[in-house]
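> kindly generate the corresponding structure for this input.
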Amino acid sequence: TRLVTTVAWSPDGEYLVSGSWDRSVRVWKAKTMEEVGRLNGHSHQVSSVAWSQGGDYVVSGSRDRSVRAWKAKMVENAGIQTVTGHSSGVGSVAYSPDFKSLASASFDCSVKLWDLFGEKPVEKCTMRGHSKDNPECTCTRN
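Numbering: from 1, shown residues only. Okay, here's the model as predicted:
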């Protein structure tokens, strides 16, 4: 048993997704707490998880510097995209309300916006800031 670091409700309230130091993302039925899916692929602890608005996808961020998108309610691994681009671990992930972008925040002091739903994942923007030496956030479009 390893430390569970993150959890999120599905939009319909029927499921939970959790991430852990054991490098897995797990999907649970909320009423019974039955594990219905285990998604493996990260090489370091999972620090953040989020559901898509429709509940079909889960995204996870990890200390391995990657962001992975998964088909949420599959019993076996069903990763659809993996993106890398941060120079340090990913601490937080979130889908945009329109489900067209994904944001990832990293311990490298950056926030990246991604388009995961084309043929290949595309980094749309990098924002840097949140430090006393650089209090302004700037965006560089890619």
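> OK, contacts around residue 87?
Going by C-beta atoms under 8 Å, 6 or more residues apart in numbering, residue 87 touches 65, 106, 108. Where you see a C-beta, it was placed from the backbone N, CA and C, and this is true even at glycine.
> find the residue at the geometric middle of the chain.
For the chain, the residue sitting closest to the mean C-alpha position, by C-alpha atoms, centre = their mean, is residue 60 at 2.6 Å.
> correct me, but residue 43 touches residue 64?
Yes. Under the criterion of C-beta atoms under 8 Å, residue 43 is in contact with residue 64, at a separation of 4.4 Å.
> those two: which is more packed in?
Looking at residue 43 and residue 64 with other C-beta atoms under 10 Å, you find the greater number of neighbours at residue 64, namely 19 against 11.
> what do residue 43 and residue 64 both touch?
Contacts common to residue 43 and residue 64, judged by C-beta under 8 Å, 6+ apart, are residue 23.
> before we move on, back to that, for residue 47, state which of the contacts of residue 87 is nearest.
Using C-beta to C-beta, residue 106 is the member of those that lies nearest residue 47, at 9.9 Å.
> what is the neighbour count of that closest one?
Residue 106 has 22 neighbours, counted by other C-beta under 10 Å.
> I am finished for the moment; much appreciated.
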